[in-house]
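# Next comes the sequence, and after it the predicted model I'd like to discuss.
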Amino acid sequence: MLNKHYTFYDVYKYLLAISLIVIYAFSNLTLISIGFQLLFIFVSLIIILNRRAVFLSVHFYWMFSFLLWTLITTFFSVNQANSLNDILNLTVKFIFYTAVIMFVDNQEKFLYVLKTITAAGCLLIVRLILFTPFSVWGTERLGEDIGLNPNAIGIALSISTITTLYLVNYYQKKSLYLIIMPLITVGLFTGSKKAFIAIILGLSLLMFFTSRGFIKKLKMIIISIVVFLILLFISFNVPFFYDVIGSRIEAAVLYANNSGIDKSTLTRQAMINEGIELFVRNPILGYGINNFNELTTFKGYSHNNFIELLLGSGLIGTLIYYSLPIGLLIYSIIKSIKNSNVEYSIVAVLLIIILFLDIANVSYRQLMTQVMIALCVSKMIINKDIEFENKEIEIR
């Protein structure tokens, strides 16, 4: 019986690992990703039936409330089919996130997931090296040759960089820095401006939060500034980095100073402006989730999570959605400062990065971002914060 138990548990944790690796490193393999998620959910259901109890966290009630509101607004949706398809998609993912939180119930499993995300980042790099022609490196943004969006790759690598640095601090293994270097380097080759900032900001904040005492924190601030300046220098002065990332940063800065035109930034700003104009006309209910493309002159999503939610679910839906990540962020920062507890640092840093990326990223339906929010909730439960503890519901 004991051996069977461990065998079943191994299947359970390996299914989660494979699911996360596919989500982070092979996100274009949609059917495979869905397949492993469903298998993990199925095994989780077996465990629930065996225990005759299910543990529901604040995450469950949060996402249930958001889905319920989006379902209500569907009655007023511009295109009900778009909204219902999005809600169905979110519901399946919601079950997966709930299963992930159920799995990550102690520090060992939390670290296991972080290691998996780090490994996924490494596998993504290997995949890029194997299937991207050498001539593309330093001349074009990485991703097209493996069917992935460069920004998605950049975000995935930025998250893997942050999880790796946390593991460096936790295990005090300096050798793990050897993993961080290629994650940053390939992240630069994606040409993603938001990934560039996310990597710098994430590493800087994590080093700051995990440093004890004023002098050490000041030291980390100085080191972060130096690293940022070095990476900027490399981006602007090394030709193959300048062609993919330096020129994009330069164009964005020139646009901000009204000195030049960055087409990408200009388009995104136009999307925001049009989205705000439409939101003001119907601020409470919105126009139904997943309808930005139906209402605007841009035939696609808004590239901004705030605009996408305000337009789709109105002010109420947006407030419901951001209540958890912002609440978690405030709580984790207070705990970090008040108790000098470094175990809240990873939560604070991940949430800051997620909220920052939402300016140019639609994350409410993005698996890798939502997995990180679920993981943050799990960390709060592991830290035994009564505000975030699981509620046991018996199944008879």
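Thanks, I have the structure now.
# Grab the nearest non-local neighbour of Leu203.
Leu165 (5.8 Å; CB to CB, 6 or more residues apart in numbering). Using the backbone N, CA and C atoms, a C-beta is placed for each residue, glycine as well.
# Would you mind measuring from that neighbour to Val92?
As judged by CB to CB, to the nearest Å, Leu165 and Val92 stand 32 Å apart.
# can you check Leu232 too?
Taking CB to CB as the criterion, Leu232 is separated from Val92 by 42 Å.
# Please apply the same query to Phe64.
Look at Phe64 and Val92: by CB to CB, they are 14 Å apart.
# repeat for Leu309
Counting by CB to CB, the separation of Leu309 from Val92 is 19 Å.
# again, but for Ser65
18 Å.
# How about Thr297?
With CB to CB as the criterion, Thr297 and Val92 are 31 Å apart.
# For Tyr166, report the pLDDT, please.
The model reports Tyr166 with a pLDDT of 92.
# Need the nearest residue in space to it, chain neighbours excluded.
Spatially, and ignoring its direct neighbours in sequence, Tyr166 is nearest to Ile346 (4.9 Å; CB to CB, 6+ apart).
# what mean pLDDT would you report for the host helix or strand of the one you found?
Using DSSP states H and E, Ile346 sits in helix 345-357. Averaging pLDDT along helix 345-357 gives 93.
# Any buried residues in that helix, and which?
By 16 or more other CB atoms under 10 Å, the buried positions in helix 345-357 come out as Ser345, Ile346, Val347, Ala348, Val349, Leu350, Leu351, Ile352, Ile353, Ile354, Leu355, Leu357.
# Against Gly202, how distant is the last one?
Right, Leu357. Note on Leu357: its distance to Gly202, by CB to CB, is 10 Å.
# follow-up on the earlier one: neighbour count for Leu165 and Val92, which is higher?
Taking neighbours as other CB atoms under 10 Å, Leu165 and Val92 compare with Leu165 leading, 23 against 12.
# Keeping just the C-alphas, turn the host helix or strand of that one into CSV.
Take DSSP H and E as the rule and Leu165 turns out to sit in helix 150-171. Provided in CSV are the C-alpha atoms of helix 150-171 (Å, rounded to 0.1, in the frame of the first residue of the first chain):
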residue,chain,number,x,y,z
PRO,A,150,8.6,37.2,-28.5
ASN,A,151,6.9,39.1,-25.6
ALA,A,152,5.5,35.8,-24.3
ILE,A,153,9.0,34.3,-24.3
GLY,A,154,10.3,37.4,-22.6
ILE,A,155,7.7,37.3,-19.8
ALA,A,156,8.3,33.6,-19.3
LEU,A,157,12.0,34.1,-19.0
SER,A,158,11.6,37.1,-16.6
ILE,A,159,9.5,34.9,-14.3
SER,A,160,12.0,32.1,-14.4
THR,A,161,14.8,34.5,-13.6
ILE,A,162,12.9,35.7,-10.5
THR,A,163,12.2,32.2,-9.3
THR,A,164,15.8,31.2,-9.8
LEU,A,165,17.1,34.1,-7.7
TYR,A,166,14.7,33.1,-4.9
LEU,A,167,16.1,29.6,-5.1
VAL,A,168,19.7,31.1,-4.9
ASN,A,169,18.8,32.9,-1.7
TYR,A,170,16.8,30.0,-0.2
TYR,A,171,19.4,27.3,-0.7
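# Now do it: which elements does it pack against?
For helix 150-171, the elements it packs on are helix 2-25, helix 107-131, helix 177-189, helix 193-209, helix 345-357, helix 367-382, judged by 3 or more CB pairs under 8 Å, 6 or more residues apart in numbering; DSSP states H and E.
# To Ile320, which of the ones you listed lies closest?
Proximity to Ile320 (CB to CB) singles out helix 367-382 among the helices and strands packed on helix 150-171, at 13.8 Å.
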